[in-house]
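A.B. asks: Sharing a model prediction with you, sequence too.
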Amino acid sequence: MAGRLFTRRRDGRVEVRLNDAGREIIKVVFVHVLAAERDPNHEWHLSLNAPINPSSDDDDPLSSLARQNEIASNAELSFMTLNEQYLTDVEAWAWLSTIQIALRSTAVVHGLLSDEKLESCAPELMDDIRTMQQFLFELASCF
Amino acid sequence: MSSVRTQRSSSTGSDVEVEVQSDVSVITERPWNVIVWNDPVTPMTVVVVVFRRIFGYSNNKCTELMLTVHHEGRANVWSGQRERAESYCVKLQVAGLQATVERDA
């Protein structure tokens, strides 16, 4: 796990310390979520657009649109603040939401839907997942 | 449904009791539930933080709901009107949790 993230609350903001490898990983994550939201052929696109009411044939289009806008907004805000050391509460929340979406999309795309499947996945994939989880632990501790 | 009402008679000026018939029935709509589903990768602390931020529940309640998701595979985290249920569902999905709405059985 090359990426390292350290966070703490300071003067009402969230201080984010990331090493270069960690920042590169985060950058890739943010770019992927942005691309997936806009490109219907992106491998994460379906996992970002899960049904709201599975028993209904077609979901409420307004709810789906609201979700797409919010996911894209969070990813854009995260990407814009990628090189910041101090984040506002809203920016830190956007980071947490975007990384969490990337983590779950990674799991869905690779069929990691149970603990057994997760434990038996490829080491590189497991490393990516552990890195994102570690970042999420750090960010969650600020809320 | 019937009820007894007291009315003043216009001819005699005295109070008389009349029975009033009415058909009133109360229809109670079944609420919509917001369901959060378990997955093997989302850290437990993230689930607790998301519940607290979106619903404003206490830390204890959020932890309890998170553990229900973890052990039972799903948890009903909110019940009520359909529009609000969908709005909460969207917020949970935007935060990266797997959530759906369903009508109370």
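C.D. replies: Structure's in. What do you need?
A.B. asks: Please, which helix or strand holds the residue in chain A positioned nearest to chain B?
C.D. replies: For chain A, the residue closest to chain B is residue A:100, as judged by CB to the nearest CB, at 3.0 Å. Where you see a C-beta, it was placed from the backbone N, CA and C, and this is true even at glycine. Using DSSP states H and E, residue A:100 maps to helix A:89-109.
A.B. asks: circling back to that earlier point, now the residue of chain A closest to chain B, nearest residue through space, not along the chain?
C.D. replies: Take residue A:100 and drop its neighbours on the chain: the residue closest to it by CB to CB, 6 or more residues apart in numbering or on different chains is residue B:96, 3.0 Å away.
A.B. asks: for that neighbour, what are its contacts?
C.D. replies: A:97, A:98, A:99, A:100, A:101, A:103, A:104, B:42, B:46, B:50 (CB atoms under 8 Å, 6 or more residues apart in numbering or on different chains).
A.B. asks: give me that answer again for 7 Å
C.D. replies: Contact partners of residue B:96, counting by CB atoms under 7 Å, 6 or more residues apart in numbering or on different chains, are A:97, A:100, A:101, A:104.
A.B. asks: Then residue B:77?
C.D. replies: Contact analysis of residue B:77 by CB under 7 Å, 6+ apart lists B:34, B:36, B:51, B:55, B:65.
A.B. asks: For PyMOL, write the selection for the buried entries among those residues.
C.D. replies: Those of the contacts of residue B:77 that count as buried under 16 or more other CB atoms under 10 Å in any protein chain shown are selected in PyMOL with:
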select buried, chain B and resi 34+36+51+55+65
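A.B. asks: JSON lines for the contacts of residue B:77, including distance to chain A?
C.D. replies: As requested, these are exported to JSON lines (distance: CB to the nearest CB, whole Å):
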{"residue": "B:34", "distance to chain A": "10"}
{"residue": "B:36", "distance to chain A": "12"}
{"residue": "B:51", "distance to chain A": "11"}
{"residue": "B:55", "distance to chain A": "14"}
{"residue": "B:65", "distance to chain A": "16"}
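A.B. asks: what about the worst-scoring helix or strand of chain A on mean pLDDT and chain B, any contact?
C.D. replies: Counting by mean pLDDT, DSSP states H and E, the weakest-scoring helix or strand in chain A turns out to be strand A:5-10, with a mean of 79. No: Strand A:5-10 does not reach chain B (CB under 7 Å from any CB of the partner chain); its nearest approach is 12.7 Å.
A.B. asks: contacting residues around that strand?
C.D. replies: Contacts to strand A:5-10, defined as CB under 7 Å, 6+ apart, come from residues A:14, A:15, A:16, A:17, A:18, A:22, A:134, A:135, A:138, A:139, A:141, A:142.
A.B. asks: For my notes, confirm the fourth one occurs in a strand.
C.D. replies: Yes: remark: residue A:17 belongs to a strand, assigned using DSSP: H, G, I helix; E, B strand; the rest coil.
A.B. asks: May I see the buried residues of stretch A:69-89?
C.D. replies: A:70, A:71, A:72, A:74, A:75, A:76, A:77, A:78, A:79, A:81, A:87.
A.B. asks: Also stretch A:96-115?
C.D. replies: For stretch A:96-115, burial by neighbour count (16+ other CB under 10 Å) applies to A:96-108, A:110, A:112.
A.B. asks: Please apply the same query to stretch A:34-50.
C.D. replies: Buried residues in stretch A:34-50, counted by 16+ other CB under 10 Å: A:34, A:36, A:37, A:42, A:44, A:45, A:47, A:48, A:49, A:50.
A.B. asks: who does the helix or strand containing the third one touch, helix- and strand-wise?
C.D. replies: The reference is to residue A:37. Element membership for residue A:37, per DSSP H and E: helix A:20-38. If you count contacts as 3 or more CB pairs under 7 Å, 6 or more residues apart in numbering or on different chains; DSSP states H and E, helix A:20-38 packs onto helix A:45-48, helix A:61-80, helix A:89-109.
A.B. asks: Fine by me, we can end here.
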